[in-house]
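> coordinates only, sequence not included:
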């Protein structure tokens with residue numbers, strides 16, 4: 001199937017082709033026709049599946065079919081998303097796919113001066129992409145209203161729940177017209193999310209593509225058992241491989257991200273951190289430098305990393321194991337996008353073994369172990385020793401697979 005067969009209008013189809021896309025991803029092929037029919041949609045899709053285009057393209061088409069000719073534009077579509085990075089990325093997608101439609105959009109989020117955002121709203125826009133906090137703030141100040149919204153999108157709903165935005169989202173929904181088309185996307189569907197979706201959607205069609213428990217097959221995954229105190233040294237050792245042109249490194253905390261950057265810079269490895277304590281302009285600069293490969297390593301926390309979309313990012317390194325199994329899937333989904341190559345390396349210390357077991361249970365596979373490295377885990381037992389001891393040798397020498405019999409055994413799992 002190609003985009004030509006989805007009944008997309010010429011101005012949008014032209015823009016899509018200019019972006020270099022000809023074949024829709026599964027979620028795009030399934031969602032676009034449903035949305036064009038005006039039906040509510042419940043979409044379960046993880047990061048890297050092409051979800052943004054799946055709703056941006058049909059929204060642009062529906063709004064183009066009934067353009068408002070009022071002197072002052074009204075907000076006709078609202079996209080609510082959890083992080084500023086994701087909001088900016090969605091705004092860029094609407095700009096790209098809608099460049100020939102004449103439709104306008106603005107992105108509003110906190111952490112920056114509100115004046116440019118309010119000025120854009122006062123001029124009038126068709127589409128608003130917003131994070132919940134700043135949206136409610138500007139609504140309370142009277143800079144916008146939502147009474148004319150025709151299409152609502154709640155994107156990354158599970159992440160909004162994790163970040164404590166659920167009450168803000170409910171307040172926003174209460175300000176919207178009852179008659180509207182609603183599109184609801186979430187990578188996971190815990191009971192709270194299912195309950196929220198049932199209050200928003202009316203007879204929705206359901207689309208589920210690449211469930212969160214199934215990591216992208218093309219991504220090569222490996223784990224290193226290493227003492228906590230040796231993780232910095234192991235990271236430096238791995239980055240001696242110049243084949244790793246860029247890598248996205250994950251830590252669980254903001255302080256941890258800054259510490260890793262400090263160590264890397266000390267070893268003349270260009271690195272920047274991106275997390276919630278960074279000013280918005282600093283975060284955008286770090287991301288731009290990483291995309292341009294002037295910064296080799298970007299160190300991120302999980303929340304800040306949502307919305308990072310970098311073409312041809314081949315390596316993700318979990319400096320610290322995620323304590324939430326689903327988050328591991330989102331982390332490694334930053335690589336191997338759109339069919340590109342991807343490698344995910346995880347550093348697991350003794351106290352993180354439970355996290356590893358949870359991840360392997362979720363993805364229904366054992367992650368191959370790289371144990372031939374200079375900093376092997378000495379004490380496999382954390383303070384509270386688990387019954388199951390550390391796993392055996394695999395003979396894997398590093399990120400690049402070898403042909404040893406043990407490595408083949410792991411690869412065949």
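Perfect, I can see it now. Because the structure is predicted, anything quoted here is derived from the model rather than measured.

> just the buried positions in stretch 159-173, please.
Of the residues in stretch 159-173, 159-163, 165-166, 168-169, 172-173 count as buried by neighbour count, 16 or more other CB atoms under 10 Å. C-betas here are computed from N, CA, C, even on glycine.

> equivalent analysis for stretch 354-362, please.
Within stretch 354-362, the residues that qualify as buried are 355-356, 358-360, 362, counting by 16+ other CB under 10 Å.

> min pLDDT across the buried residues of stretch 159-173, which one?
Ranked by pLDDT, the buried residues of stretch 159-173 bottom out at residue 162 (72).

> quick one: that one from residue 295, how far?
The gap separating residue 162 from residue 295 is 28 Å, by CB to CB, to the nearest Å.

> hang on, the earlier thing: any chance of the buried residues of stretch 159-173 in CSV, with distance to residue 243 too?
CSV is the format used below for the buried residues of stretch 159-173 (distance: CB to CB, whole Å):
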residue, distance to residue 243
159, 32
160, 38
161, 39
162, 35
163, 36
165, 40
166, 43
168, 44
169, 43
172, 46
173, 48
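
> which two among those residues are spaced furthest apart?
Using CB to CB, the buried residues of stretch 159-173 span at most 18.5 Å, a distance reached by 162 and 173.

> so who does residue 285 touch?
By CB atoms under 8 Å, 6 or more residues apart in numbering, the residues touching residue 285 are residue 272.

> same thing with the one 10 residues further on?
Contacts for residue 295 were tallied using CB under 8 Å, 6+ apart; they are 246, 270-272, 286, 289.

> just residue 8 next, same as before
By CB under 8 Å, 6+ apart, the contact set of residue 8 is 16, 32, 57, 61.

> give me the element the third one is part of.
Just to be clear, that refers to residue 57. Take DSSP states H and E as the rule and residue 57 turns out to sit in helix 51-65.

> tell me where the stretch 1-150 of the chain has helices.
Using DSSP state H, counting those that start in this stretch, the helices of the stretch 1-150 of the chain run over residues 10-18, 26-36, 51-65, 84-97, 115-123, 132-141.

> same list, the ones you listed, but as CSV with mean pLDDT please.
Shown next, in CSV, are the helices of the stretch 1-150 of the chain (pLDDT from 0 to 100):
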stretch, mean pLDDT
helix 10-18, 92
helix 26-36, 93
helix 51-65, 94
helix 84-97, 91
helix 115-123, 94
helix 132-141, 95
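
> highest mean neighbour count out of those?
Each of the helices of the stretch 1-150 of the chain was scored by mean neighbour count; the highest is helix 51-65, a mean of 23, by mean count of other CB atoms under 10 Å.

> which residues does that helix contact?
The contact list for helix 51-65 (CB under 8 Å, 6+ apart) reads 8-9, 11-12, 16, 21, 24-25, 27-28, 31-32, 35-36, 38, 41, 43, 45, 76-77, 79, 89-90, 93-94, 97-98, 101-103, 126-127, 150-151, 153, 155, 181, 183, 185.

> pLDDT weak spots in the stretch 101-250 of the chain?
Scanning the stretch 101-250 of the chain for pLDDT under 70 picks out the ranges 210-217.

> in contact with residue 29, which residues?
1, 6.

> apply 6 Å and report the result again.
By CB atoms under 6 Å, 6 or more residues apart in numbering, the contact set of residue 29 is residue 1.

> how close does residue 75 sit to residue 229?
Residue 75 sits 53 Å away from residue 229, going by CB to CB.

> which one of those two has more residues nearby?
Ranked by neighbour count (other CB atoms under 10 Å), residue 75 and residue 229 place residue 75 first, with 20 against 9.

> pretty sure that one contacts residue 130?
No. Assessed by CB atoms under 6 Å, residue 75 is found out of contact with residue 130, at 10.1 Å.

> mind putting the helices of the stretch 1-150 of the chain in a markdown table, distance to residue 219 included?
Output for those, formatted as a markdown table (distance: least, CB to CB, whole Å):
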| stretch | distance to residue 219 |
| --- | --- |
| helix 10-18 | 26 |
| helix 26-36 | 17 |
| helix 51-65 | 18 |
| helix 84-97 | 21 |
| helix 115-123 | 37 |
| helix 132-141 | 31 |
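
> any idea which of the ones you listed gets closest to residue 315?
helix 84-97 (19.5 Å).

> so what touches stretch 107-119?
Residues from elsewhere that reach stretch 107-119 (CB under 6 Å, 6+ apart): 84, 87-88, 91, 129-131, 133-134, 143, 280.

> run the last query once more with 8 Å
Identification of contacts with stretch 107-119 by CB under 8 Å, 6+ apart yields 83-84, 87-88, 90-91, 106, 121, 128-131, 133-135, 137-138, 141, 143, 279-281.

> what of stretch 223-233?
234, 260, 263, 319-320, 345-351, 356, 367-371, 373-380, 390-391.

> can you say which of those residues are buried?
Among those, the ones that count as buried by 16+ other CB under 10 Å are 234, 260, 263, 319-320, 345-350, 356, 367-371, 373, 375-377, 380, 390-391.

> no more questions from me, cheers.
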